[in-house]
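Undergrad: this one's structure only:
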């Protein structure tokens, strides 16, 4: 991502871009919090912010404990850390809940376009295999042969993409198609820039991923 | 789902003016530069910082312009005159006022009147919100525009409104996919959950 590159340019730019990275992190946090499905990972933002926190902490250690700035900076770091952990946690929650569904979707995507970060992907796979092992040792091996297999397709839990979400449009988007549920009936919605709506997630899922709308 | 404390957390980023009683150079926060601080001169800082400095007796918080009895009375009048939600002076008016008044209520003249006016405004908007939710559900709408509704207000109808709509959507798809005979029991369950939702409305 270009955010990383910009940060190394100059000290002056660092403060400006660190601020914009933080804003991006906050957007990603809110989106992840409210979207029913897992969104493409933003590891580059998280890593960049962790690096900023690390640097700031090193600088703080050089200051005297009584320095006025220490408390303020620590408070800010705690706030940012909260956002990062809350963001990662909401992703983990979804991974744990929709493990097999997510893994199945991921297997259809090329490696570089995966929604999970490499670490999350590893976690999902391990979670899945532990779950299967557990079922195997606790129940399945005591079952008669003909019902010993697990059918992943019927077991997997998928997110409800029809669930309703609140959003703010970052720019005007025309012709958003909402399925009304009544056999194929559709409705077209216009999202004006900066307007707020409650709408079905499925209709705007792509707009969330492209950043045209912000979930709130 | 969002905790009201998280809405407050977001509101704490809003800037507020303080008058520090100390001198200090610019502070370079990750979220931006703050200061320089000059004793007696107003400076803009985020609310979380203002509250911390106030607790350490290092500043006086200047109440935002809109947190004023006359202005709030005017906002109340506008709100009652309009069918729609009017634009609030701050996107987090309730949380901001709550934070600032509880940190330094004793410094603010007519703090109680401000609190009452804000509460009236909130109640007015909430009843408007409830009646629009009612109409929205009854007319079977699929989406709604919610301009000028603040985050705290949206959060107050969450998860109730989105969930009620989810259930309605489920009902409408079920009816057309399965025959009612096969699915009668689950339809019944859903009616129960809708009754349950209505009860909470």
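TA: Done, it's in. As the structure is a prediction and not an experimental result, all values here were calculated from the model.

Undergrad: Spell out the secondary structure type for the spatially most central residue of chain A.
TA: Nearest to the geometric centre of chain A sits residue A:32, at 4.1 Å (C-alpha atoms, centre = their mean). At residue A:32 the chain is in helix, as set by DSSP: H, G, I helix; E, B strand; the rest coil.

Undergrad: just checking, it touches residue A:89?
TA: No: at 9.5 Å, residue A:32 does not count as touching residue A:89 under the criterion of C-beta atoms under 8 Å. C-beta coordinates here come from the backbone N, C-alpha and C atoms, glycine included.

Undergrad: Can you tell me what sits against the helix or strand residue A:61 falls within?
TA: Element membership for residue A:61, per DSSP states H and E: helix A:43-62. The set of residues external to helix A:43-62 that reach it, using C-beta atoms under 8 Å, 6 or more residues apart in numbering or on different chains, is A:1, A:3-4, A:7, A:18, A:21-22, A:24-25, A:28, A:69-70, A:73-74, A:77, A:80-81, A:84, A:87-88, A:117, B:30.

Undergrad: what's the average pLDDT for that helix?
TA: Helix A:43-62 shows a mean pLDDT of 94 in the predicted model.

Undergrad: Same question for stretch A:200-209.
TA: 93.

Undergrad: One more: stretch B:148-163?
TA: 91.

Undergrad: Got the domain ranges for chain A?
TA: A:2-97, A:160-216 (automatic domain parsing).

Undergrad: How far does the shortest one sit from its chain's centre?
TA: Taking the mean of its C-alpha atoms, domain A:160-216 sits 18 Å from the chain's own mean (C-alpha atoms, centre = their mean, to the nearest Å).

Undergrad: That one and chain B in contact?
TA: Yes: on the criterion C-beta under 8 Å from any C-beta of the partner chain, domain A:160-216 is in touch with chain B at A:160, A:162-166, A:178, A:180-183, A:187, A:189, A:195-200, A:203, A:216.

Undergrad: Just the ones in helices from the contacts of helix A:43-62, please.
TA: Mapping the contacts of helix A:43-62 onto helices (DSSP state H) picks out A:3-4, A:7, A:18, A:21-22, A:24-25, A:28, A:69-70, A:73-74, A:77, A:80-81, A:84, A:87-88.

Undergrad: Residue B:24 and residue B:155, how far apart?
TA: As judged by C-beta to C-beta, to the nearest Å, residue B:24 and residue B:155 stand 36 Å apart.

Undergrad: hmm, what's the outermost residue in chain A?
TA: Farthest out in chain A is residue A:144, which, by C-alpha atoms, centre = their mean, sits 41.4 Å from the centre.

Undergrad: what sits against it?
TA: So residue A:144 contacts nothing (C-beta under 8 Å, 6+ apart).

Undergrad: Right, I'll call it a day here.
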